[in-house]
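> Fold the following for me, if possible:
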Amino acid sequence: MQRYHVTGRDDYKKYSSLCRMVQKLVNILKQMDPKDPFRIEMSDSLLEKLYNMGVIPTRKSLALCDRLSVSSFCRRRLSTILVQSKYAEHLKEAVTYIEQGHIRVGPETVTDPAFLVTRNMEDFVTWVDTSKIKRKVLEYNDKLDDYDAMN
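Numbering: from 1, shown residues only. As a prediction, the model looks like this:
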């Protein structure tokens, strides 16, 4: 368990550093002329990237980037997404599922709870096909078909 806490501290430092870099970039952009084509292009690019990552709610203004926080990134971690989408009741349970290899994002099995899930990948978070937990959930919801029951 100690390993997980150390990783969390390292992740916190990375997220904090990212937030500072984004805030510095926003301050530089704000000092430029609002009609400058370079400023407009860079602002749009930054807003688009942060929106697609899921760390800001809309692409509307640079003020959102200026208020970016570490928790914005933490909310995009796979373990947090699992709790939000009701795959797990608690964060600790979600971390266990991920580390044991029960969760995949798209075709890839993910075993890192700190994996950042973008808006595009959010819909592709699911159980691994061979997961016993997936089987239990299907049984409970009466959705286990004959083919699944054979495996």
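> going forward, measure contacts between C-alpha atoms and count neighbours the same way
OK.
> where do the helices sit along the chain?
2-31, 37-53, 62-66, 70-74, 78-84, 91-99, 132-140, 146-150 (DSSP state H).
> Which strands or helices does the longest one pack on?
Think helix 2-31. helix 37-53, helix 62-66, helix 70-74 (3 or more Cα pairs under 8 Å, 6 or more residues apart in numbering; DSSP states H and E).
> could I get those as JSON lines with distance to Tyr140 and mean pLDDT?
Output for the helices and strands packed on helix 2-31, formatted as JSON lines (distance: least, Cα to Cα, whole Å; pLDDT from 0 to 100):
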{"stretch": "helix 37-53", "distance to Tyr140": "34", "mean pLDDT": "94"}
{"stretch": "helix 62-66", "distance to Tyr140": "42", "mean pLDDT": "87"}
{"stretch": "helix 70-74", "distance to Tyr140": "31", "mean pLDDT": "91"}
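> So which of those helices is nearest Met121?
helix 37-53 (9.5 Å; Cα to Cα).
> can you dump the C-alpha coordinates of that closest one into PDB?
Provided in PDB are the C-alpha atoms of helix 37-53 (Å, rounded to 0.1, in the frame of the first residue of the first chain):
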ATOM      1  CA  PRO A  37      -4.100  35.900 -34.800                       C
ATOM      2  CA  PHE A  38      -1.400  34.000 -33.000                       C
ATOM      3  CA  ARG A  39      -3.000  34.600 -29.600                       C
ATOM      4  CA  ILE A  40      -6.400  33.500 -31.000                       C
ATOM      5  CA  GLU A  41      -4.900  30.300 -32.500                       C
ATOM      6  CA  MET A  42      -2.900  29.400 -29.300                       C
ATOM      7  CA  SER A  43      -5.900  30.200 -27.000                       C
ATOM      8  CA  ASP A  44      -8.200  28.000 -29.100                       C
ATOM      9  CA  SER A  45      -5.600  25.200 -29.200                       C
ATOM     10  CA  LEU A  46      -5.100  25.300 -25.400                       C
ATOM     11  CA  LEU A  47      -8.800  25.400 -24.700                       C
ATOM     12  CA  GLU A  48      -9.500  22.500 -27.100                       C
ATOM     13  CA  LYS A  49      -6.700  20.300 -25.600                       C
ATOM     14  CA  LEU A  50      -7.800  20.900 -22.000                       C
ATOM     15  CA  TYR A  51     -11.500  20.400 -22.900                       C
ATOM     16  CA  ASN A  52     -10.700  17.100 -24.700                       C
ATOM     17  CA  MET A  53      -8.700  16.000 -21.700                       C
END
